[in-house]
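# Based on what follows, work out the 3D shape:
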Amino acid sequence: MNKPSLLTLLLAACCTTASVAQQPKKIKVKHKRGAQTEAPTTPPQQSAPQTVLSAGSDLAATYAQTITQEDLRKHLSIIASDAYEGRETGEKGQKMAAEYIANRFKELGLTGPVQGSDNPYLQHFTMERSTWADGATLKVAGQTYQWLQDFYGMGTSPFQQETTVQPVFVGYGIEQDDYSDYTGLDVKGKDLIMLIGEPTNTQNQPLLGKDGNPSKWGTDYRAKAALAIQKGARSVFFVDFNPNSNFQKLAARMAGYINRPSIAFKDAQKTPRATMFFVSPQVGYKMLGTTAAAVTKYQQSITKAGKQVVAPFKPTKFSIKAPRKTEDFTTENVLGYLEGTDKKDELLVLSAHYDHIGITNGEVNNGADDDGSGTVSVLEMAEAFTKAKAEGHGPRRSILFLTVTGEEKGLLGSEYYTDHPVFPLESTVADLNTDMVGRTDKEHEGQPTYVYVIGSDKLSSELHTILQEENQKHDNINLDFRFNDPQDPNRFYYRSDHYNFAKHKIPVAFFFNGVHDDYHGAGDEVDKIEFQKMEPRARLVFYTAWDLANRDKRIVVDSNKP
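Below you'll find the predicted structure:
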């Protein structure tokens, strides 16, 4: 699943939405990126006997039985192995995984639907890889500060050469209802300084949150950056004045992520991208020309007023140089198509992302759960549907099995597909997206099998009802809909590939097991996957897909909440 705001990494030594993943206890010595490692690229051959069905058989249940723990483990043990090097977008391991998936689709008898490709199962596209170059410096009040010690950046950079900046302070950088840090400010073309986090009330609870919980402003710095860019700002400099923070320690922990390449479409210039820098408290005080006591007084004045207040600071000019270097590369989505019968012009998409985050600090991040689990679930559903068709029970509607790249870089593969669809989006009835279905989160430890279902109620009430009915009819696992809350600070609905379909008013459902301590870490390994829980989760997606593909009428779109 796509990385949440790195703000949470900065604030609380916690990963994802509420906490940064702890470092795994098991430290492994991994091979280097350039090492030549042989690994299977052709899926293991399978043969299945013809299924004899009795009168009145539940066909969905019959073919769901082909989705097994054994097969899930077999495929996952390959694509989530060290040999695939963490499946970093555009790198060797991602290409190996694409070949493995394409070969499996071909072996199952699916059609490769991509016209004009050297491989009809692969939808290639060109991306731009960008990394921070050497030589970044920040000079404030006559003092020079160092990259990854006193400041670092994310996103783009307009500071290829040393540039003098006159910043504008915008408080917490928040605009919500009657609270706006931008009141009376013209920030177009300006460089903004803003505080990390959000203001609190007199009970020390988030002022703008719901029921004492943080708002998105407190959990996702990108929401602040996006607002600033929307208002025309050139860049944002975040500063954390929390006395319990240790900027140098956090910067060292973040170094692997900061130094990894960022990826964007070559034509991304059409959409403004955020330029974000993070500076230490000491640098922040210099930039604002103030002291710790004055900052604390300012924050307390907001708490007392219960709204934004005019800041007394007069930001100081500074100079910055933070160059980036870029290069082009290609990556690919993998598509397998199963033609339907009497309703073949309508299409159901079953999606998952097969990329992960590659190698960091010499360790391979294998992403067995994220999202090897979803990827092999799609492979197993493909086997179930192709077996059904081979035995005369093929789906009425066509099905596209879509495994996408670049999810970890910002849902890029699914964005490319929905911007360049192989099949008309108006003919696409729904997308069922599977992203992390192999583990248990802390909320459900010691409980029976469960799965979070996200977004099923946003665009089609029928879809929401169908998946619940299919669940009750079959394995009846616990369905947790808590993340459908529009106020969910985790914003999971916006963080996986289904969202690019939802943006086009296509009904979606996202199946998810929640985050765990190994999320985006080297501990996300096959030996920690709970296949006994993964199997019924994958079957639930299959049952829902079976209904959607075979019902008389396509589900209605009766809501307008993408």
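# Check the burial of R539 by counting its neighbours.
Applying other Cβ atoms under 10 Å, we find 27 other residues in the vicinity of R539. Quick note: C-beta positions are derived from backbone N, CA and C, even for glycine.
# Could I get the contacting residues of the residue lying closest to V404 once chain neighbours are set aside?
Spatial nearest neighbour of V404, chain neighbours left out: G413 (3.2 Å); criterion: Cβ to Cβ, 6 or more residues apart in numbering. Applying Cβ atoms under 8 Å, 6 or more residues apart in numbering to G413 gives the contacts 331, 333, 353, 355, 404-407, 497.
# element containing G413, please.
Under the criterion of DSSP states H and E, G413 resides in helix 412-419.
# And that helix, what's buried?
Buried residues in helix 412-419, counted by 16 or more other Cβ atoms under 10 Å: 412-418.
# avg pLDDT for it?
In this model, helix 412-419 has a mean pLDDT of 97.
# Parallel or antiparallel, which strands does the helix or strand just after it pair with?
Downstream of helix 412-419, the first helix or strand assigned by DSSP H and E is strand 428-434. Here strand 428-434 is paired, per DSSP bridges, with strand 343-353 (parallel), strand 508-512 (parallel).
# Could you pull out the helices in the stretch 151-300 of the chain for me?
Assigned by DSSP state H, counting those that start in this stretch, the helices in the stretch 151-300 of the chain fall at 216-219, 221-230, 247-259, 281-288, 292-305.
# now the fourth one and helix 247-259, what's the angle there?
Going by axes from the mean of the first three to the mean of the last three Cα atoms, to 10 degrees, helix 281-288 is angled at 90 degrees with respect to helix 247-259.
# Any chance you could list what contacts helix 281-288?
Contacts of helix 281-288 (Cβ under 8 Å, 6+ apart): 138, 140-141, 143, 145, 150-151, 167, 169, 193, 237, 239-241, 245, 247, 279, 291-292, 295, 313-316, 318.
# so it versus helix 292-305, what angle?
Here the directions of helix 281-288 and helix 292-305 differ by 80 degrees (the same axes, to 10 degrees).
# what's the average pLDDT for helix 281-288?
Rounded mean pLDDT across helix 281-288 is 97.
# which of the residues in that helix are buried?
281, 283-288.
# which ones are touching Q468?
When the contact criterion is Cβ under 8 Å, 6+ apart, the partners of Q468 are L479.
# any idea which helix or strand carries it?
helix 461-473.
# so what does the next helix or strand after that helix touch, helix or strand wise?
Downstream of helix 461-473, the next assigned helix or strand under DSSP H and E is strand 478-480. Strand 478-480 makes packing contacts with strand 450-454, helix 461-473 when contacts are defined by 3 or more Cβ pairs under 8 Å, 6 or more residues apart in numbering; DSSP states H and E.
# For the longest one, list every residue counted as buried.
This means helix 461-473. Neighbour-count burial for helix 461-473 [16+ other Cβ under 10 Å]: 461-464, 466-467, 470-471.
# what residue ranges in the protein score low on pLDDT?
3-57, 268-273, 560-562 (pLDDT under 70).
# one step back: dump the C-alpha coordinates for the helix holding G413 into CSV.
The C-alpha coordinates for helix 412-419 follow below in CSV (Å, rounded to 0.1, in the frame of the first residue of the first chain):
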residue,chain,number,x,y,z
LEU,A,412,1.1,5.7,-10.7
GLY,A,413,0.4,2.4,-12.5
SER,A,414,-3.3,2.6,-11.9
GLU,A,415,-3.3,6.3,-12.8
TYR,A,416,-1.7,5.4,-16.1
TYR,A,417,-4.2,2.7,-16.8
THR,A,418,-7.2,4.9,-16.0
ASP,A,419,-5.7,7.7,-18.1
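# ok and that helix relative to strand 428-434, angle-wise?
Using the same axes, to 10 degrees: helix 412-419 against strand 428-434 is 170 degrees.
# how far is helix 412-419 from where the chain is centred?
13 Å (Cα atoms, centre = their mean, to the nearest Å).
# and if you look at stretch 350-362?
Centroid separation for stretch 350-362 versus its chain: 10 Å, with Cα atoms, centre = their mean.
# for that stretch, how far is the first residue from the last?
With Cα to Cα, to the nearest Å as the measure, the ends of stretch 350-362 fall 34 Å from one another.
# ok, now stretch 297-316?
Start-to-end span of stretch 297-316 (Cα to Cα) is 20 Å.
# just stretch 142-152 next, same as before
End-to-end for stretch 142-152, by Cα to Cα: 19 Å.
# Run through who's touching that stretch.
132, 136-139, 247-248, 251-252, 254-255, 258, 277-280, 282-283, 286, 322.
# of the residues you listed, buried ones?
132, 136-138, 247, 251, 254, 258, 277-280, 283, 286, 322.
# re the thing from before, want to throw the contacts of G413 into a markdown table with distance to N490 and secondary structure?
Shown next, in a markdown table, are the contacts of G413 (distance: Cβ to Cβ, whole Å; DSSP: H, G, I helix; E, B strand; the rest coil):
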| residue | distance to N490 | secondary structure |
| --- | --- | --- |
| T331 | 27 | strand |
| N333 | 26 | strand |
| H353 | 18 | strand |
| D355 | 21 | coil |
| V404 | 21 | strand |
| T405 | 24 | coil |
| G406 | 21 | coil |
| E407 | 16 | helix |
| D497 | 17 | coil |
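# between these, which is nearest A430?
Nearest to A430 out of the contacts of G413 is D497 (Cβ to Cβ; 13.4 Å).
# dump the residue contacts of F510.
433, 435, 452-455, 492-493, 496, 498.
# 6 Å - rerun?
By Cβ atoms under 6 Å, 6 or more residues apart in numbering, F510 lies in contact with 433, 454-455, 496, 498.
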